[in-house]
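Chemist: Here's my sequence, what's the structure:
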Amino acid sequence: MESITEDEPDRLVFRVRSPLQNAVGGLGLFFLAWLVVHWLTRHPNHDRTIGLIGASITCLLFFLLSETSDFVFDAGIRRLTWTRRFGPRRRSGMVPFEEIEQVVVRTSLGSDAVAPSQRIVLLTRNGELPLTAGYTPSDEHGVNAERLRTFLGRSQVDPLSVSVNALVAAGRDVDAMRELRLGSGMSLTDAHAEVARIRKEVKGEILGKFRVKL
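Modeler: Numbers count the residues shown, from 1 in each chain. Next up is the predicted model:
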């Protein structure tokens, strides 16, 4: 579950937490303790032992594989500081506000148009930085993305156009067409034509920069 809080006047914190993570982790420890007590008895039941082992492993795996992320947007120092824990992996980093070009909402491949699975992604000069490891269906993605755009001063630019242009520049034409169809209601034919037009413009810009360097 994602949320945005304003812990200070010039700081926004984007947090990702699983509401069941701590409860399931505690339940897993309870099953493990029950298993130890059960084995200390003189006549442990084999079926019950197998059940407790399975329940403990299931709960602990859910706890370990749940995502915990913190993205702190600090306007005072104009910098994003982030930390993500997903299972045993931990990643962190810092991004100056000047390198954040736009905040977009991306939809997963094969997602249902009625209740699409999405996630918020930061488009930076060094590539994409997703705010969540996975895609989830939620009505809050668009609201949270717009709040981040406003905080970063990126609301004046059309996020759909920036997102599609970035996908085309990365060679992800199929993803770009899907974003166009979901974001603007275009037909497949119109989306294909629009992506072709953007690709031509991108190639022209690259060629122009190459000529300038020569």
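
Chemist: so which strand or helix has the spatially most central residue of the chain?
Modeler: Closest residue to the average C-alpha location of the chain: residue 132 at 2.4 Å, with C-alpha atoms, centre = their mean. Assigned by DSSP states H and E, residue 132 falls within no helix or strand.

Chemist: any idea how far it lies from residue 46?
Modeler: 42 Å (C-beta to C-beta, to the nearest Å). Backbone N, C-alpha and C define where each C-beta goes, glycine included.

Chemist: And for residue 12?
Modeler: 54 Å.

Chemist: For the protein, which segments count as helices?
Modeler: Assigned by DSSP state H, the helices in the chain fall at 21-40, 46-64, 140-152, 159-169, 173-184, 188-213.

Chemist: Compute the mean per-residue pLDDT across the second one, please.
Modeler: Going back to what we said before, that points to helix 46-64. Helix 46-64 carries an average pLDDT of 67.

Chemist: who's more crowded, residue 12 and residue 46?
Modeler: The neighbour comparison of residue 12 against residue 46 (other C-beta atoms under 10 Å) goes to residue 12, with 21 against 7.

Chemist: ok, now which ones touch the more buried one?
Modeler: By C-beta atoms under 8 Å, 6 or more residues apart in numbering, residue 12 lies in contact with 4, 5, 6, 72, 73, 147, 148, 151.

Chemist: what does residue 175 give?
Modeler: 106, 109, 167.

Chemist: Export those residues as a markdown table, with columns for distance to residue 122.
Modeler: Shown next, in a markdown table, are those (distance: C-beta to C-beta, whole Å):
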| residue | distance to residue 122 |
| --- | --- |
| 106 | 11 |
| 109 | 20 |
| 167 | 14 |
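
Chemist: Among these, which one sits closest to residue 196?
Modeler: residue 167 (13.4 Å; C-beta to C-beta).

Chemist: which residue sits closest to that closest one, ignoring its sequence neighbours?
Modeler: residue 176 (3.9 Å; C-beta to C-beta, 6 or more residues apart in numbering).

Chemist: And for the one you found, the neighbour number?
Modeler: Neighbours of residue 176 (other C-beta under 10 Å): 24.

Chemist: Surely it and residue 161 touch.
Modeler: No - if you go by C-beta atoms under 8 Å, residue 176 and residue 161 don't touch, sitting 10.8 Å apart.

Chemist: Residue 158 and residue 89, how far apart?
Modeler: 34 Å.

Chemist: what does residue 155 give?
Modeler: 33 Å.

Chemist: So between the two, which is more surrounded?
Modeler: It is residue 155, of residue 155 and residue 89, that has more neighbours when counted by other C-beta under 10 Å, with 15 against 8.

Chemist: I'd say the more buried one and residue 147 touch.
Modeler: No - in this structure, residue 155 is not within contact of residue 147 by C-beta under 8 Å, at 9.6 Å.

Chemist: list the contacts for residue 129?
Modeler: 82, 93, 95, 121, 122.

Chemist: in the chain, which ranges drop under the pLDDT threshold?
Modeler: Scanning the chain for pLDDT under 70 picks out the ranges 18-32, 34-35, 38-39, 42-44, 48, 52, 55-66, 87-88, 111-115, 204-214.
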